[in-house]
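Student: next comes the sequence, and after it the predicted model I'd like to discuss.
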Protein chains: 2
Amino acid sequence: MKIAVLGTGAVGKTIGSALIRLGHEVKMGSRTNGNEKALAWVAANGINASEGTFAEAAAFGEVIFVATKGEFTLDALRAAGNANLAGKVLTDISNPLDFSKGMPPSLFICNTDSLGEQIQAAFPDAKVVKTLNIVNCEVMVNAGKSSAADRGTMFVSGNDADAKQSVIRNFLTPWGWNDVIDLGDISTARGTEMLLPLWVRTWVATGNGHFSFKVVR
Amino acid sequence: MKIAVLGTGAVGKTIGSALIRLGHEVKMGSRTNGNEKALAWVAANGINASEGTFAEAAAFGEVIFVATKGEFTLDALRAAGNANLAGKVLTDISNPLDFSKGMPPSLFICNTDSLGEQIQAAFPDAKVVKTLNIVNCEVMVNAGKSSAADRGTMFVSGNDADAKQSVIRNFLTPWGWNDVIDLGDISTARGTEMLLPLWVRTWVATGNGHFSFKVVR
């Protein structure tokens, strides 16, 4: 499958490389062509890796992953362009983290709205699926990374049931997420985005960022 | 130990009865003496159970559990009186849930503040420990209630390390919580309170309220 990954940070690079390992063709998008970090990622990931602007990447992708910092997510998607997103599965793994007041971060959207909802509202023709945002990027692509024998639970939120099922089948399952809960429509992204403050504090308290949350039931 | 449980709802009754089963003397507090629900609870729980006003219960208790609805928590504690709380471990298991706009609830405090912090600020001489607020009341007092063999993780937040340890030793451990993470000071209550939206949505999605969250690490 041809996939766009928007964002050249640790999350974008990790997701992009994991998609390449699954056999996909991946174009990494950033603000400009020839972004240094994107070029380095392409060089390290072989012939199925390429890079370009947000618009070029989104035009290329049959599926879009948005892996920017949350504060840049809507800008990146506007640069990608509505026409390049319409009708496609838009997998949003970003979080509305506000580091402007230092650590620990707060959220710049929460409680009665979410970044996932704002994306869906801004791009009503895209099929937004919020998922993977509740673990660090290495755990995103390897749920078995946790040292415990069992694995955490992954959640999906989105208005399009088929889009959610395709994300589960094509990405979550191969990455080891064998316990997935479909929370419902995109407004349920409030729940997973609001888990971030507990994620951060658990990371600080345990000194370990390689964890996930399991719903024991 | 003599313990006050403030609140006569399902949470207060369940916590109160579980404390009785651990061998404690429990006085259930409510706005007025002779509250019908409190009297029924006393009648069902034997000679170690009693009831009274918030102030009478707090005066009686060496340890206080506040188990009211979040919107009434600060009022209940003001009625209990600063002098009856000072120097005591105040275990806050309430949540700032706002049902005024219907289901699912939002939070009336969140992100840059928490109910736990507001309680500690209003009663600086009490030793506030936020815990147990992330599961339903039956799971609070029986972590093994979950059908899975493993158990969830419980978090504690509070400024007084000894108070947190006493809550773990006296209550969390006997109730089956064998994986406890001390998140740090009371500001970390933001993290567990902000888990509630995900709790509610998981409950709706699975039709099962008997679950807990485990940090798989």
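Tutor: Ah, there it is.

Student: in chain A, which residue is closest to the centre?
Tutor: residue A:93 (2.1 Å; Cα atoms, centre = their mean).

Student: all helices for chain A, in order.
Tutor: Along chain A, counting by DSSP state H, helices occupy A:10-21, A:36-45, A:54-60, A:70-80, A:82-85, A:115-122, A:137-140, A:161-167, A:189-193, A:196-206.

Student: for those, give me a markdown table that also has distance to residue B:174.
Tutor: C-beta here means a position set from N, CA and C on the backbone, and glycine is covered the same way. Below are the helices of chain A laid out as a markdown table (distance: least, Cβ to Cβ, whole Å):
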| stretch | distance to residue B:174 |
| --- | --- |
| helix A:10-21 | 42 |
| helix A:36-45 | 52 |
| helix A:54-60 | 55 |
| helix A:70-80 | 41 |
| helix A:82-85 | 54 |
| helix A:115-122 | 40 |
| helix A:137-140 | 33 |
| helix A:161-167 | 41 |
| helix A:189-193 | 31 |
| helix A:196-206 | 23 |
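
Student: how about the ones you listed in JSON lines, adding mean pLDDT, distance to chain B and mean neighbour count?
Tutor: Output for the helices of chain A, formatted as JSON lines (pLDDT from 0 to 100; distance: least, Cβ to the nearest Cβ, whole Å; neighbours: other Cβ atoms under 10 Å in any protein chain shown):
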{"stretch": "helix A:10-21", "mean pLDDT": "98", "distance to chain B": "19", "mean neighbour count": "21"}
{"stretch": "helix A:36-45", "mean pLDDT": "98", "distance to chain B": "29", "mean neighbour count": "16"}
{"stretch": "helix A:54-60", "mean pLDDT": "98", "distance to chain B": "29", "mean neighbour count": "22"}
{"stretch": "helix A:70-80", "mean pLDDT": "98", "distance to chain B": "14", "mean neighbour count": "19"}
{"stretch": "helix A:82-85", "mean pLDDT": "98", "distance to chain B": "26", "mean neighbour count": "18"}
{"stretch": "helix A:115-122", "mean pLDDT": "98", "distance to chain B": "12", "mean neighbour count": "22"}
{"stretch": "helix A:137-140", "mean pLDDT": "96", "distance to chain B": "9", "mean neighbour count": "21"}
{"stretch": "helix A:161-167", "mean pLDDT": "98", "distance to chain B": "12", "mean neighbour count": "18"}
{"stretch": "helix A:189-193", "mean pLDDT": "98", "distance to chain B": "4", "mean neighbour count": "29"}
{"stretch": "helix A:196-206", "mean pLDDT": "97", "distance to chain B": "4", "mean neighbour count": "20"}
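
Student: picking that back up, look up phi and psi at the residue nearest to the centre of chain A.
Tutor: Residue A:93 adopts backbone torsions of phi -110, psi 10, taken as degrees, to the nearest 10.

Student: what's the distance between the closest residue in space to it that isn't next to it in sequence and chain B?
Tutor: Spatially, and ignoring its direct neighbours in sequence, residue A:93 is nearest to residue A:132 (4.4 Å; Cβ to Cβ, 6 or more residues apart in numbering or on different chains). Using Cβ to the nearest Cβ, to the nearest Å, one obtains 15 Å as the distance from residue A:132 to chain B.

Student: returning to what we had before: so for residue B:152, which of the helices of chain A sits nearest?
Tutor: Comparison of the helices of chain A against residue B:152 by Cβ to Cβ identifies helix A:196-206 as nearest, at 12.9 Å.

Student: output the closest one as PDB, restricted to C-alpha atoms.
Tutor: Written as PDB, here are the backbone C-alpha positions of helix A:196-206 (Å, rounded to 0.1, in the frame of the first residue of the first chain):
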ATOM      1  CA  LEU A 196      -1.700  11.600  28.300                       C
ATOM      2  CA  PRO A 197      -1.300  13.400  31.600                       C
ATOM      3  CA  LEU A 198      -1.400  10.100  33.400                       C
ATOM      4  CA  TRP A 199       1.000   8.600  30.800                       C
ATOM      5  CA  VAL A 200       3.500  11.400  31.500                       C
ATOM      6  CA  ARG A 201       3.200  11.100  35.300                       C
ATOM      7  CA  THR A 202       3.600   7.300  35.200                       C
ATOM      8  CA  TRP A 203       6.700   7.700  33.000                       C
ATOM      9  CA  VAL A 204       8.100  10.200  35.500                       C
ATOM     10  CA  ALA A 205       7.200   8.000  38.500                       C
ATOM     11  CA  THR A 206       8.600   4.800  37.100                       C
END
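
Student: tell me what it is packed against?
Tutor: strand A:106-107, strand B:180-184, helix B:189-193 (3 or more Cβ pairs under 8 Å, 6 or more residues apart in numbering or on different chains; DSSP states H and E).

Student: read off the pLDDT value for residue A:62.
Tutor: The confidence metric pLDDT takes the value 98 at residue A:62.

Student: phi, psi of it?
Tutor: phi -80, psi -30.

Student: can you report how many residues neighbour it?
Tutor: 13 (other Cβ atoms under 10 Å in any protein chain shown).

Student: for the closest residue to it other than its chain neighbours, which residues are in contact?
Tutor: Among residues not flanking residue A:62 along the chain, residue A:2 sits closest, at 5.0 Å (Cβ to Cβ, 6+ apart). Counting by Cβ atoms under 8 Å, 6 or more residues apart in numbering or on different chains, residue A:2 makes contact with A:24-25, A:27, A:60-63.
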